[in-house]
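Student: what would the 3D arrangement of this be:
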Amino acid sequence: MDLTTNYLGMKLRNPLVVSASPLSDDLDDIKKMRDAGASAVVLRSIFEEQLRLERFELHHHLTSNTDSFSEALNFFPEPSEYHLGPDDYLEHIRKAKKAVDIPIIGSINGTSLGGWTDFAKVIEKAGADALELNIYAIPTDPDQTSDEVEQTYLDILKAVKGTVKIPVALKLSPFFSNLSHLARRFDQIGANALVLFNRFYQPDIDLETLELSSHVLFSTPQAMRLPLRWIAILSQRIKADLAATGGIYSAQDVVKMLLVGANVTMFASALMESGLSHLRTVEKDLQDWMEKNEYESVQQMRGSMSQIHCEEPSAFERAQYVRAIKSYVPAKGN
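Tutor: A predicted model of the protein is given here:
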């Protein structure tokens, strides 16, 4: 049974990749991921704010005149709250590369174009096999047009691609007016992969203190339906590889993503809940499913149910929504 797949120009032993999360902070855990079946690991992101902090001494400017906006400062982490500083991050890459024989993918989380993109080159020099750009931006300015929002993404990608030679993946949100068109533009600039989708952490209100609060919530299996739809739509319409992230818990989830065209599937929440050994279970269950359904390789199944190959391509568009609504029958008594 051939589980190998290609992602970011690399041949991976299987389509199971650990996505950026605190799970990659410890070298021993990275070794356990490799032993459990992970084919690659994306390191936890280093943040644009950290890099700006080091370069422009942002912390000094934030903490001056604190009496005037002391409450606002609570929304900015102290430098000590970041797990790894820039120098530590680079050393972590070097140690991870020596510790395991699977690809180590660096990750930068940012929102704007700026000097921080130069850090991509330093990550490359540290030995990272590839780089994932996690553009975590929520436009709130009513004067900013959709074209301007998209151009920021394009400019960041172009700046990084002009800086490094290693493959670059772009982790996106689903909130664009026409994702298909934008994906094609990313193709033209040279994105090696698109990671679908970024999951924004939403604020909440603490009714006891009447303050904003934020808590990390694990993704749920239902979250996989959004990337499943868009991977199916984009598969074989763009050159970039496609990575599915969000709601991937079981071998069945992996199979579905492969069928619609994903090159790899990414795990984080499932491993936080079930442990790193869960990867071994998923890999075994994937093999069993493929054998039962007479698939000899991942490549054979990949994209066979993408929109291009689907007998009912409208299933990924509005027609299926209309059909689902019309077919719904409320339970009696409600």
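Student: Ile123 touches Ala130, doesn't it?
Tutor: No. Assessed by CB atoms under 8 Å, Ile123 is found out of contact with Ala130, at 9.6 Å. Where you see a C-beta, it was placed from the backbone N, CA and C, and this is true even at glycine.
Student: which residues are common contacts for those two?
Tutor: Common neighbours of Ile123 and Ala130, using CB atoms under 8 Å, 6 or more residues apart in numbering, are Gly106.
Student: could you measure from Asp285 over to Leu16?
Tutor: Here Asp285 is placed at a distance of 11 Å from Leu16 (CB to CB, to the nearest Å).
Student: and those two? which has more neighbours close in?
Tutor: A side-by-side neighbour count of Asp285 and Leu16, using other CB atoms under 10 Å, places Leu16 first with 27 against 15.
Student: ramachandran coordinates for that one?
Tutor: Phi and psi for Leu16, reported as degrees, to the nearest 10, are phi -100, psi 110.
Student: give the contact list for it.
Tutor: By CB under 8 Å, 6+ apart, Leu16 lies in contact with 37-39, 254, 264-265, 267, 279, 282-283.
Student: what's the pLDDT at it?
Tutor: With respect to pLDDT, Leu16 scores 98.
Student: do the one 5 residues further on as well
Tutor: The predicted local distance difference test score for Ser21 is 92.
Student: thought it was touching Met266?
Tutor: No. If you go by CB under 8 Å, Ser21 and Met266 don't touch, sitting 9.5 Å apart.
Student: looking at these two, which one has more neighbours?
Tutor: Taking other CB under 10 Å, Ser21 and Met266 do not tie; Met266 has more neighbours (26 against 20).
Student: the more buried one belongs to a helix?
Tutor: No. According to DSSP: H, G, I helix; E, B strand; the rest coil, the state of Met266 is strand, so it is not within a helix.
Student: can you tell me which residues contact it?
Tutor: By CB under 8 Å, 6+ apart, the neighbours of Met266 are 17-19, 42, 195, 243-245, 248.
Student: which element follows the lowest-mean-pLDDT helix or strand in the chain toward the C-terminus?
Tutor: Lowest on mean pLDDT, DSSP states H and E among the helices and strands of the chain sits helix 70-73, with a mean of 40. Using DSSP states H and E, the helix or strand that follows helix 70-73 in sequence is helix 86-99.
Student: give the other helices and strands that that following helix contacts.
Tutor: Applying 3 or more CB pairs under 8 Å, 6 or more residues apart in numbering; DSSP states H and E, one finds that helix 86-99 makes contact with helix 27-36, helix 48-56, strand 104-110, helix 119-125.
Student: of all the ones you listed, which one is nearest Pro227?
Tutor: Nearest of the helices and strands packed on helix 86-99 to Pro227, taken as CB to CB: strand 104-110 at 17.8 Å.
Student: by contact count, what packs against the closest one?
Tutor: Short answer (3+ CB pairs under 8 Å, 6+ apart): strand 104-110 packs on strand 40-42, strand 46-47, helix 48-56, helix 86-99, helix 119-125, strand 130-135.
Student: could you rerun that using 6 Å?
Tutor: Packing partners of strand 104-110 (3 or more CB pairs under 6 Å, 6 or more residues apart in numbering; DSSP states H and E): strand 40-42, strand 130-135.
Student: weakest of the ones you listed by average pLDDT?
Tutor: strand 130-135 (a mean of 94).
Student: and the angle for it with strand 104-110?
Tutor: Relative orientation of strand 130-135 versus strand 104-110 (axes from the mean of the first three to the mean of the last three CA atoms, to 10 degrees): 20 degrees.
Student: could you give the separation of stretch 276-285 from the chain centroid?
Tutor: From the chain centre to the centre of stretch 276-285 is a distance of 20 Å (CA atoms, centre = their mean, to the nearest Å).
Student: can you list the buried residues in that stretch?
Tutor: In terms of neighbour count (16 or more other CB atoms under 10 Å), stretch 276-285 has its buried residues at 276, 278-279, 281-283.
Student: cheers, nothing more for now.
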